[in-house]
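> Sequence and predicted structure below; questions after.
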Amino acid sequence: MPIKIPKLLPARDILESENIFVMDEDRAGSQDIRPLNIIILNLMPEKEKTEAQLLRFLGNTPIQVNISFMKLSTHQSKNTSKLHLDQFYRTFSDVRNNKFDGLIITGAPVETLPFEEVDYWEELKEIMDWSTHNVTSTLHICWGAQAALFHHYGIGKHELPGKCFGVFDHIILKPNVNLVRGFDEQFLAPHSRHTDIDLENLKNHSELEILSESAEAGVLLIASKDGKRIMITGHLEYDADTLGTEYRRDLEKGLPIEVPKYYFPDNDPAKKPIYRWKSHASLLFSNWLNYYVYQETPYDWN
């Protein structure tokens, strides 16, 4: 089944070239079905890349999904044109009176700041509070996961001695939970972060359960027991070349950066990385849409 996206969204050409089924508003209007309404709060700097990454997986299911994008009114994006944001994004004030079947809150390049020093923290807290009663399930990614853990559950973060950067082995701790249904017992996932969560407080929290972890990269998947909130500390949505792009970017800026672990063949940045986490990323988004959104959301929110 397709996802419905704005007709002129640049990501459409990318998705169609990869045989992802998309349709615009005109064609979707003739469909007599109940689609899922998913809104994405995109906090990543290069928003068009993140759009394509997320839509690639949201579109790879038998469920029709209507996609909306949300931007913050208290923060001005420096890497995405105002024209693009005005054309395809809405503010929280535009959507706060609506109900959504699912919400995705992405990562953001602010992880080394205390939460209270992030310029849009108050607005983000308002959105996360709103999601409790107006969204069936919310998927939080990387810094978005840390923000949710801190705001909803009081679980803090701390800076790592070195960046957690690479593609790491993970194991499943709760194989019977729907989010990891169909996963291999061991699988790969990318991480790119300077901070980590307070593990002891997480383990002792009665409302949360850890679903997957890595001996080297730490916890990856966390879920509230009611399924309302899913937290992913890594970046399963990343393209094959995303870590390499980040590595070269930091090198050009003269920042201290190590070669991402277990990413380039033979640890050689001159060699093309192999896309080794795509199937599990697809499965995770499919499981979330099916078991935590489609199976749980009311047919009529009213």
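Sure, I can see it. Numbering: from 1, shown residues only.
> and D300, that one's in a helix?
No: D300: not assigned to a helix; according to DSSP: H, G, I helix; E, B strand; the rest coil it is coil.
> neighbours around it, how many?
Residues contacting D300 under the criterion other Cβ atoms under 10 Å number 6. The way it works is simple: take the backbone N, C-alpha and C, and place the C-beta from them, glycine included.
> The longest strand along the chain - what's its average pLDDT?
Longest strand in the chain by number of residues (criterion: DSSP state E): strand 157-172. Strand 157-172 comes out with an average pLDDT of 97.
> what's it packed up against?
helix 143-153, strand 186-197, strand 208-214, helix 242-252 (3 or more Cβ pairs under 8 Å, 6 or more residues apart in numbering; DSSP states H and E).
> Relative to V177, which of the ones you listed is closest?
Closest approach to V177 among these (Cβ to Cβ): strand 208-214, 5.5 Å.
> circling back: deepest in the core, which of the helices and strands packed on strand 157-172 is it.
Ranked by mean neighbour count, those are led by helix 143-153 with a mean of 23 (mean count of other Cβ atoms under 10 Å).
> Tell me what angle it forms with strand 208-214.
Computed by axes from the mean of the first three to the mean of the last three Cα atoms, to 10 degrees, the angle separating helix 143-153 from strand 208-214 equals 150 degrees.
> What are the contacting residues of helix 143-153?
The contact list for helix 143-153, computed with Cβ atoms under 8 Å, 6 or more residues apart in numbering, reads 41, 43, 105-111, 115, 124-125, 128, 138, 140, 155-157, 193, 195, 197, 202, 205, 207-208, 222, 229, 231-233.
> Mind giving me the PyMOL select for those residues, buried ones only?
Of the contacts of helix 143-153, the buried ones can be selected in PyMOL as follows, counting by 16 or more other Cβ atoms under 10 Å:
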select buried, resi 41+43+105+106+107+108+110+111+115+124+125+128+138+140+155+157+193+195+197+202+205+208+222+229+231+232+233
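> K272: what secondary structure?
Under three-state DSSP, K272 comes out as coil.
> Identify the spatial nearest neighbour of it, chain neighbours not counted.
P265 (7.5 Å; Cβ to Cβ, 6 or more residues apart in numbering).
> gap between the two ends of stretch 202-211?
Distance between the two ends of stretch 202-211: 12 Å, counting by Cα to Cα, to the nearest Å.
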